[in-house]
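*Asks:* predicted model and sequence below, questions to follow.
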Amino acid sequence: MIYLDYHSTTPVDRRVAQKVMWAMTDGFGNASSTDHEIGDVAEAAVKEAKGHIANLVGASPRDIIFTSGSTESINLAIRGTIQHLENKGIHPHIALSAVEHKAVLDTCLALEEQERVKLSILPVNTQARIDLAQLEQACASGIHLLCVMAANNEVGTIYPIEKIAHIVQTYNVPFLCDASQAIGKVPIHFQDWGIIMLSLSAHKFYGPQGVGALVVKRGHPLEPLLYGGGHQRGLRSGTLNLPGIVGLGEACRLRALEMEEDERAIGKKRDRLQKLLTEKIPGLVVNGDQENRLAGNLHISIPGLPNSAVIARVRHQLAISTGSACSSSVEAPSHVLRAMNLDEDIVEGSLRIGLGKFNTIAEIEAAASILAQAIQAVREAMVTS
Ligand code: PLP
C-alpha cells in the first residue's frame, strides 16, 4: 500500500511518538496540578511545547491556546470573535475566500443561517488565486472579520498571507488565517506579518491527531466556546491533553529544523510523479496554481473519467483521494473546484494526490504505473460498456 494522501493526515514521526509515549506514561501529570512535582513536570512539558510552536510560527508562547485541532481552533476564532461583537451590540460582517475549508465555511454559513452575521464570499480564479484588490475593497467596506487560509487543502494553492495581513492592518480588520495545510511546509511569521489569529492541527505535519492550537494576538477579544475549570486564561477550559500537546510541540520542533530540506525533496518527488503521469496518461490535466502550490500537492483530472471508478480500482494499492473534501466520507462535489469555475468533467474526474516526507522515489514510480494502468482499464471498460 502506497500512502499518497498526506493532505488528509500524516503518519506520526517516530520521534514524536516517543515523546507522546513518555507523556502518557512517565510524564503523565495534570499540568494544572500545582501541589506536587508530577504536576510541575507536566507543566514544564507544556511550556516546552509552547516554545516549539511559537518558534515555528514566529509567535510568542503566550499567544498559544491548545485545542483538539483546527476545526475547534477555527470555531473558537470565528464564534468567539462574533460573540464578543454581538455583546457590544454589533451585527458583524465576515468576508471569507470561497475556497476555505468547511470548518471555516460551514461555521460562517451556520452563523448566517442564524441571522447573526452578514457574509461576503471572495471569489477565486481558475487556479484558486484570490483577487487582492477585491479583498482590499471588502476590508475598506468595514468588515469585522476576514478569513483566508494559508494554503488550500485540495489544490494546494498558497496564499500571500504576508500581503493580506498588511492589507487588513491598514483597515484594522481582525484576520483569521487557517494555516492547517501550510504549517511545517511554508514559512509563517505570525508576529512579523501581523496575523491576528492562526489555526493549526498537529496531524497535518507528522504529529498526532486530535490536537492543535489557535494562536491569538494578545489583546484580540474572544469569548470562549467551552466553560469549565478556567484553563488557558478561561478561553478553553478542560484538562490539557498532555500527550497531544507534547507531540504537537515535538512535531513543530522537527519541522523548524527539517522543513526546508524535506519540502525541497518532496517537491522533487512530486515533480517526478507529475512528469510520469503526464507522459503515461493522455489528456491528463493538472489543476491549481503550478507556480504557487504546496510541494506535496498534485491535483489532477482525467476529463470524462469518473474519479470514483479510478479510486475503486486502486484503493487496495494506493491511498489517494477524490477532489472532494478531505474532511468527510460524504461524496459531494468539491466546493473548491466549483469556486474555481472548472468544467464539470474536470471536477468529476479529479484526484488529489498528497506526498509527504516518508514517500520514496520507488513508491512514486510504482504509484505512477498503478494509476496509469487503472486509468487505461477504466477507459477500456467505458468503451466496451
Ligand atoms: N482546515 C484545513 C485547510 C484542513 O485541511 C483541515 C483538515 O482537514 C482542517 C481545517 C480541519 O482540521 P482538523 O480536522 O484537524 O480539525
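*Replies:* Ah, there it is.
*Asks:* for the protein, which segments count as helices?
*Replies:* 14-24, 37-57, 70-87, 102-113, 132-140, 161-171, 190-193, 242-280, 307-314, 335-339, 344-348, 361-384 (DSSP state H).
*Asks:* how far out from the middle of the chain is the third one?
*Replies:* In this case it means helix 70-87. 18 Å (C-alpha atoms, centre = their mean, to the nearest Å).
*Asks:* also stretch 376-385?
*Replies:* Counting by C-alpha atoms, centre = their mean, stretch 376-385 comes out at 36 Å from the chain centroid.
*Asks:* average pLDDT for that stretch?
*Replies:* Here stretch 376-385 scores 88 as its mean pLDDT.
*Asks:* which of the residues in it are buried?
*Replies:* Val378, Arg379 (16 or more other C-beta atoms under 10 Å). In short, each C-beta sits where N, CA and C put it, glycine included.
*Asks:* and stretch 93-109, by the same measure?
*Replies:* 93-108.
*Asks:* and what of stretch 49-63?
*Replies:* For stretch 49-63, by 16+ other C-beta under 10 Å, it's Ala49, Lys50, His52, Ile53, Ala54, Leu56, Val57, Gly58, Ala59, Asp63.
*Asks:* ok, stretch 12-26 next?
*Replies:* Val12, Asp13, Val16, Ala17, Lys19, Val20, Trp22, Ala23.
*Asks:* from Arg14, how far out is the last one?
*Replies:* To tie it back to what came earlier, the one meant is Ala23. Ala23 sits 15 Å away from Arg14, taking C-beta to C-beta, to the nearest Å as the criterion.
*Asks:* picking up where we left off before, present the buried residues of stretch 12-26 as CSV; the columns should include distance to the ligand.
*Replies:* Listed next are those as CSV, based on distance: C-beta to the nearest ligand atom, whole Å:
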residue, distance to the ligand
Val12, 14
Asp13, 17
Val16, 16
Ala17, 18
Lys19, 19
Val20, 16
Trp22, 23
Ala23, 19
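*Asks:* now, which of those residues sits nearest Leu198?
*Replies:* Val16 (20.7 Å; C-beta to C-beta).
*Asks:* leaving out chain neighbours, which residue sits closest to that closest one?
*Replies:* Leaving aside its chain neighbours, Val16 sits nearest to Glu250 (4.7 Å; criterion: C-beta to C-beta, 6 or more residues apart in numbering).
*Asks:* what separates the one you found from Ser308, distance-wise?
*Replies:* When Glu250 is compared with Ser308 (using C-beta to C-beta), they lie 38 Å apart.
*Asks:* ditto for Gln18
*Replies:* 39 Å.
*Asks:* and Arg313, how many neighbours?
*Replies:* 18 (other C-beta atoms under 10 Å).
*Asks:* can you pull the contacts of the residue lying closest to it once chain neighbours are set aside?
*Replies:* Leaving aside its sequence neighbours, Arg313 sits nearest to Ala374 (C-beta to C-beta, 6+ apart; 4.0 Å). Ala374 is in contact with Val310, Arg313, Val314, counting by C-beta atoms under 8 Å, 6 or more residues apart in numbering.
*Asks:* likewise for Ala49?
*Replies:* Counting by C-beta under 8 Å, 6+ apart, Ala49 has contacts Ile245, Val246, Leu248, Gly249, Glu250, Cys252.
*Asks:* quick check, central residue of the chain?
*Replies:* Ser180 (2.5 Å; C-alpha atoms, centre = their mean).
*Asks:* can you pull the pLDDT of it?
*Replies:* Predicted confidence (pLDDT) for Ser180: 98.
*Asks:* please name the nearest non-neighbouring residue to it.
*Replies:* Ser70 is the one closest to Ser180 (C-beta to C-beta, 6+ apart), at 4.3 Å.
*Asks:* what about the one you found, how many neighbours?
*Replies:* 27.
*Asks:* Phe66 touches Val216, doesn't it?
*Replies:* No - applying C-beta atoms under 8 Å as the test, Phe66 and Val216 come out as separate, 11.8 Å apart.
*Asks:* neighbour count winner among the two?
*Replies:* Using other C-beta under 10 Å as the criterion, Phe66 and Val216 rank with Val216 on top: 29 against 26.
*Asks:* for that one, which residues are in contact?
*Replies:* Applying C-beta under 8 Å, 6+ apart, one finds that Val216 lies in contact with Asp63, Ile65, Ala77, Ile196, Met197, Leu222, Leu235.
*Asks:* end to end, how far does stretch 215-227 reach?
*Replies:* Using C-alpha to C-alpha, to the nearest Å, one end of stretch 215-227 lies 19 Å from the other.
*Asks:* for Ser334, give its distance to Lys269.
*Replies:* 24 Å.
*Asks:* ignore what I typed, I meant Ala332.
*Replies:* Counting by C-beta to C-beta, the gap from Ala332 to Lys269 is 30 Å.
*Asks:* out of these two, which sits in the more crowded spot?
*Replies:* Lys269 (21 against 10).
*Asks:* just the pLDDT at the more buried one, thanks.
*Replies:* pLDDT, Lys269: 98.
*Asks:* surely it touches Ala362?
*Replies:* No - if you go by C-beta under 8 Å, Lys269 and Ala362 don't touch, sitting 10.5 Å apart.
*Asks:* rewinding a little: which ones among the contacts of Val216 map onto strands?
*Replies:* Ile65, Met197 (DSSP state E).
*Asks:* now flag whichever of the contacts of Val216 is closest to the ligand.
*Replies:* Ala77 (11.4 Å; C-beta to the nearest ligand atom).
*Asks:* which residues are in contact with the closest residue to Asp5 other than its chain neighbours?
*Replies:* Excluding the flanking residues, the one nearest Asp5 by C-beta to C-beta, 6+ apart is Ala319, at 4.5 Å. If a contact means C-beta under 8 Å, 6+ apart, then Ala319 has Met1, Ile2, Tyr3, Leu4, Asp5 as its contacts.
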